[in-house]
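Colleague: how would this look folded up:
(one chain, ligands or ions: 4)
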Amino acid sequence: MRLTSFHIASLSCISIASVCMASTVVKEYNSGGSEIAAHTVGSSDTSISLNVNTRFVDILPADNSTDIPRITFTGGPSTGVVSIYLGADDNSTGPDFNNSDIAPSRRGRNLKGIVATGLAGTTISEFYGGITGDFGQTTNPDEYYIYVDHLVRFDAGGAIRGNFEADAPGGTSSEPVFVIEGDGFSDLCDISLANGTITRIKATNDMKAQITVANGDISLIDAGARITGYGPDPILVKKGRIKKILAAQEISQFTAQGLGEAMIRANEGTDFIETPFIDSYIIANDTAHDTVTDGSIRHIKTTDSSSGIRTHATIVASKIISDSTNDGRVTVSGSLNGELVIGNSGLTGQVIINAANGSGTWSDRVTIGSVELSTTSNGAPYYTVASSSLGGGAVGLVPYHLYPQDMTYPSGSTFFDSAFNHRNPGGSSGNNRTITLRFYGPVFQNDTDPAIKIEQDLGSWVDVTNRAVITFGSATSGNPREITIHGTDGTTGKIPFLPGTYRITRVAGELKCQGTSASPAPDVYEFTYSFTLDVDCNKNNIADATDLAQTVTYGNQTYHPYDMDDNGHIDVCDREANNTCAADIDGNGFINGDDYDWFAILFEIGHPLADITFDGFVNGDDYDLFSEQYENGCP
Ligand SMILES: [Ca+2]
Ligand SMILES: [Ca+2]
Ligand SMILES: [Ca+2]
Ligand SMILES: [Ca+2]
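Modeller: Ligands and ions are numbered 1, 2, ... in the order given. Take a look at the predicted model:
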């Protein structure tokens, strides 16, 4: 069969002699794959009325110098599907159509068009194939089009300038496929899909096509060079998401026309964009076409170390969200010279500027709802708005600084030693205190060496880092921008922090910025965080001086309930120091008549310090415990 086709083509070539017009053979097959008709098509546009039994059509150009005219199909069966193939005749005894995402065997040079939207009755056309040359020319571009009901895949070795219109992807219902691949997509090319998802549009070079998806998503747009085009809507997803956009050189908009108009718009957001730099509009929450229920951006990464987001770029999203699957962040390799516009409280993820750790700067605005972060508003890059007002995320210029407004306890805070050492009853909740250092970007510990240094002021600064419990947050546990620090009650083998003045600083080479492309990762910017621990030896979260000053009256006498023996020490702390028991009220190590008298007074007035069973009540149980220890000594 193949030999025959080749033979016919060769004959027609020979017959015309000097002007070789190789022909294309169109074969019709029935549902059993048997050939039932064949047509030879020359260089003129042709209409073919299909047989009523035709289920498959092969369009077989003679060779790779054969140009294919526009072929319009009509007729055919009144219902069902007709599957149309264009390419090499790989199966010489039956149809070559394929309905999955595998590369077709390209054959023929340039294609003018395929039209199969007017078959008989309710019959649906589906199309799969490939050519070695161009689809569409620069002159009279609107004469070139592929109009089919379902498009599976079309590949061109050359440029794609013609238009595509399809109602739905091809493939199977469980695996729909809509793929177009070519060398470069001209701005003369319009691609329109009414329903369903575009699997992939892939250009070896530039991608300038206008792509419109009315009711579905785009899974991938992949350009070997630039994604660029004229406004207003080169890429428009009216009711869905764009899952991935890759451009090896740039995403930009021709400035001569359409500047200020959207370049890429998807009303339900964009998951993943990666390119050296962006100089165009990307709108992830396009309310112009449908209600936006998501509108988020999960990942944008620019890789050009000097550039990043350029002056004509505006990126608009409801949210920039944390999403470990997509590395949930916007990473600007160089400068932010364009604008990020995020919905109210929509910054839940991270924006990183100067990720290459070069000379990138934060020059334009990041707007989150009504909050503008810029050099002229709120003091960017070291802005003064807490992350809780932005959505929980942050914008960090590498190297990240400490983010003072984002910490529960600002530098200079005072805590009780009991609280910082987590000694208060009730464990880590209650009145215990943990210092949370937060930065404008995610941080990590370089290796097992301490990444921060904690020093106590003892005339000179003494390193007490090893007394602390230091925890780094991560994307999966806690906040990756944060380090938490607290002391212990001494039971873990660590020495508790003593009352005094402390400072926390960065250890050079150990505390690093995460999420950059620099190698090695840059250090976090130097900082000093100071804090003071006040003495609270009895762990009641009240300054001991206040405890000592408290008085109670019994009879005509005044007592200090926390210091019944008036030795200037809180009794319960003496008791701990002397390792004695509850009945030793003054904690001097002996149980004697003084203890009896003081317990009686505290018990009579119902003072909480008489609650030596620590059950929250002063009652007979306390009296019984005291009596037992008073008579028998400490257990
Ligand atoms: Ca106290
Ligand atoms: Ca005392
Ligand atoms: Ca005593
Ligand atoms: Ca009690």
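
Colleague: for the protein, what spans make up the helices?
Modeller: With DSSP state H as the definition, the chain shows helices at residue ranges 2-16, 417-420, 544-549, 571-577, 593-604, 620-632.

Colleague: so residue 155 sits against residue 104, correct?
Modeller: Yes. If you go by CB atoms under 8 Å, residue 155 and residue 104 touch, sitting 5.6 Å apart. Where you see a C-beta, it was placed from the backbone N, CA and C, and this is true even at glycine.

Colleague: okay, and the common contacts of these two?
Modeller: 129-130 (CB atoms under 8 Å, 6 or more residues apart in numbering).

Colleague: what's the straight distance from one end of stretch 509-518 to the other?
Modeller: End-to-end span of stretch 509-518 (CA to CA, to the nearest Å): 14 Å.

Colleague: and for residue 395, nearest residue in space, chain neighbours not counted?
Modeller: residue 351 (4.2 Å; CB to CB, 6 or more residues apart in numbering).

Colleague: number of nearby residues for that neighbour?
Modeller: Residue 351 is flanked by 28 other residues according to other CB atoms under 10 Å.

Colleague: residue 157 too?
Modeller: Count around residue 157 with other CB under 10 Å applied: 18.

Colleague: tell me the pLDDT at it?
Modeller: Per-residue pLDDT puts residue 157 at 98.

Colleague: how about the contacts made by it?
Modeller: 106, 130-133, 182-183.

Colleague: for the chain, which helix or strand comes out least confident on mean pLDDT?
Modeller: helix 2-16 (a mean of 42; mean pLDDT, DSSP states H and E).

Colleague: pipe the helices of the chain into CSV and attach distance to residue 586 and mean neighbour count per row.
Modeller: Shown next, in CSV, are the helices of the chain (distance: least, CB to CB, whole Å; neighbours: other CB atoms under 10 Å):
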stretch, distance to residue 586, mean neighbour count
helix 2-16, 110, 14
helix 417-420, 21, 25
helix 544-549, 13, 15
helix 571-577, 5, 19
helix 593-604, 6, 17
helix 620-632, 13, 15
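
Colleague: out of the ones you listed, flag the one nearest residue 77.
Modeller: Nearest of these to residue 77, taken as CB to CB: helix 2-16 at 25.0 Å.

Colleague: thinking again about what came up before, lowest-confidence stretch among the helices of the chain?
Modeller: Looking at the helices of the chain, the bottom one is helix 2-16 with a mean of 42.

Colleague: hmm, back to that, show me which of the contacts of residue 157 is closest to ligand 3.
Modeller: Nearest to ligand 3 among the contacts of residue 157: residue 182, at 93.5 Å, using CB to the ion.

Colleague: quick one: stretch 62-74 to chain centroid distance?
Modeller: Here stretch 62-74 is found 46 Å from its chain centre; the criterion is CA atoms, centre = their mean, to the nearest Å.

Colleague: for that stretch, what is the average pLDDT?
Modeller: Mean predicted confidence for stretch 62-74 is 97.

Colleague: just the endpoints, please. Distance across it?
Modeller: 23 Å.

Colleague: what residues of that stretch count as buried?
Modeller: 62-63, 66-73 (16 or more other CB atoms under 10 Å).

Colleague: what's the closest of the helices of the chain to ligand 2?
Modeller: helix 571-577 (4.3 Å).

Colleague: the closest one close to ligand 2?
Modeller: Yes. Helix 571-577 is in contact with ligand 2 by CB under 5 Å from the ion, via residue 571.

Colleague: just the closest residue of the stretch 101-250 of the chain to ligand 1, please.
Modeller: residue 241 (57.4 Å).

Colleague: can you pull the contacts of that residue?
Modeller: 217-218, 266, 268-271, 294.

Colleague: give me the contact status of stretch 406-421 with ligand 1.
Modeller: No. Residues of stretch 406-421 contacting ligand 1 under CB under 5 Å from the ion: none, with a closest distance of 7.2 Å.

Colleague: what's the end-to-end length of that stretch?
Modeller: From start residue to end residue, stretch 406-421 stretches across 23 Å - CA to CA.

Colleague: list the buried ones in that stretch?
Modeller: 406-407, 411, 415-421.

Colleague: which of the residues you listed come close to ligand 3?
Modeller: Of those, not one also sits near ligand 3 (CB under 5 Å from the ion).

Colleague: domains in this structure, by residue range?
Modeller: Residue ranges for each domain of the chain read 22-205, 254-398, 413-534, 544-632, as given by automatic domain parsing.

Colleague: now do the third one: distance to the chain's middle.
Modeller: Averaged C-alpha coordinates place domain 413-534 at 28 Å from its chain's average position (CA atoms, centre = their mean).

Colleague: same thing with the first one?
Modeller: From the chain centre to the centre of domain 22-205 is a distance of 38 Å (CA atoms, centre = their mean).

Colleague: thinking again about what came up before, where does the residue of the stretch 101-250 of the chain closest to ligand 1 fall, phi/psi-wise?
Modeller: Main-chain dihedrals, residue 241, degrees, to the nearest 10: phi -110, psi 160.

Colleague: go on, residue 580?
Modeller: With angles defined as degrees, to the nearest 10, residue 580 sits at phi -110, psi -170.

Colleague: hmm, it is touching residue 635, no?
Modeller: No. The pair residue 580 and residue 635 fails to qualify as a contact (CB under 8 Å) at a distance of 10.7 Å.

Colleague: and the two? Which one has more around it.
Modeller: The neighbour comparison of residue 580 against residue 635 (other CB under 10 Å) goes to residue 580, with 21 against 7.

Colleague: the more buried one: what's it in contact with?
Modeller: Neighbours of residue 580 in contact, by CB under 8 Å, 6+ apart: 587-589, 591, 634.

Colleague: who wins on neighbours among these?
Modeller: residue 587 (25 neighbours).

Colleague: quick check: closest non-adjacent residue to residue 499.
Modeller: Closest to residue 499 by CB to CB, 6+ apart is residue 535, at 4.2 Å.

Colleague: quick one: that neighbour and residue 546 touch, right?
Modeller: No. Between residue 535 and residue 546 there is no contact under CB under 8 Å: 11.0 Å.

Colleague: backbone phi and psi for residue 78, please?
Modeller: phi -90, psi -10.

Colleague: tell me how far it lies from residue 71.
Modeller: 21 Å (CB to CB, to the nearest Å).

Colleague: averaged pLDDT, stretch 423-435. What do you get?
Modeller: For stretch 423-435, mean pLDDT is 74.

Colleague: who are the contact partners of the residue nearest to the spatial centre of the chain?
Modeller: When the chain is reduced to its mean C-alpha position, the nearest residue by CA atoms, centre = their mean turns out to be residue 328, at 1.4 Å. If a contact means CB under 8 Å, 6+ apart, then residue 328 has 298-299, 320-322, 349-350, 475 as its contacts.
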